[in-house]
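> Everything below, folded, please.
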Amino acid sequence: MKAVLQRVKSSKVTVEGKVIGQISQGLNILLGVEDKDEESVVDKFVEKIVNLRIFSDEEGKMNKSLLDIKGEVLLVSQFTLLADCRKGRRPSYVHAAEPDKARDLYEKTTKAIRSYGIKTEIGKFGGYMDVDIQNDGPVTIILDSDSI
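Prediction:
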């Protein structure tokens with residue numbers, strides 16, 4: 001799994017002019033599922049995300065986690081994170097999981113985040129979405145399940 005974590009003041013997802021997910025302070029997470037990913041990685045991946053100390057404390061240092069600040073999550077599926085651009089000019093997505101597998105792991109990730117008591121909103125899996133992000137910092141972290 002690959003994820004782009006963006007610390008936000010707010011974020012929302014709109015589909016066909018209707019807001020389907022919206023959060024205040026927390027993380028906007030773009031999530032890509034690889035063909036080699038297994039369910040066993042979800043809990044470890046989520047545990048890393050919710051405990052990363054990337055939010056500012058009273059002294060302005062990044063010492064607080066999503067759990068510490070009681071932040072929220074907007075989780076958006078994004079297979080384009082798996083783009084392989086090594087050859088030619090058109091990205092290849094051969095390493096992206098098939099839709100059924102990706103949806104299953106996306107839903108399991110959503111459930112795992114919610115199990116921490118974190119308000120978690122989602123985008124429309126496989127759908128065209130407008131994602132509005134008000135970055136905080138900006139602070140952007142790229143996380144790969146192979147590296148945790």
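
> how close does residue 28 sit to residue 129?
12 Å (Cβ to Cβ, to the nearest Å). Quick note: C-beta positions are derived from backbone N, CA and C, even for glycine.

> Oh, that last question was meant for residue 39, not what I typed.
As judged by Cβ to Cβ, residue 39 and residue 129 stand 25 Å apart.

> and if you look at residue 89?
From residue 89 to residue 129 the distance is 25 Å (Cβ to Cβ).

> same question, residue 114
Per Cβ to Cβ, residue 114 is found 20 Å from residue 129.

> now residue 99
Noted for residue 99: a distance of 16 Å to residue 129, by Cβ to Cβ.

> Comparing those two, which residue is more hemmed in?
Neighbour count, other Cβ atoms under 10 Å: between residue 99 and residue 129, residue 129 has more, with 18 against 14.

> Go ahead and confirm that one touches residue 123.
Yes - with contact defined as Cβ atoms under 8 Å, residue 129 reaches residue 123; the gap is 5.0 Å.

> could you pull out the strands for the protein?
2-15, 18-23, 26-32, 55-56, 62-64, 72-77, 120-122, 130-144 (DSSP state E).

> Residue 83: which of those strands is closest?
strand 26-32 (8.8 Å; Cβ to Cβ).

> If you average the pLDDT over the closest one, what comes out?
Across strand 26-32, the average pLDDT comes to 98.

> just stretch 111-122 next, same as before
Per-residue pLDDT over stretch 111-122 has a mean of 98.

> What is the end-to-end distance of it?
Across its full length, stretch 111-122 reaches 11 Å between end residues, using Cα to Cα, to the nearest Å.

> Distance of the residue in the chain sticking out farthest from the centre relative to residue 127?
Ranked by distance from the centre of the chain (Cα atoms, centre = their mean), the top residue is residue 88, with 28.1 Å. Per Cβ to Cβ, residue 88 is found 28 Å from residue 127.

> Show me which helix runs longest in this protein.
In the chain, assigned by DSSP state H, the helix with the most residues is helix 99-114.

> list the buried ones in it?
101-102, 105-106, 108-110, 112-113 (16 or more other Cβ atoms under 10 Å).

> CSV for those, including distance to residue 135?
What follows is these, written out as CSV (distance: Cβ to Cβ, whole Å):
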residue, distance to residue 135
101, 31
102, 26
105, 26
106, 23
108, 27
109, 22
110, 22
112, 25
113, 20
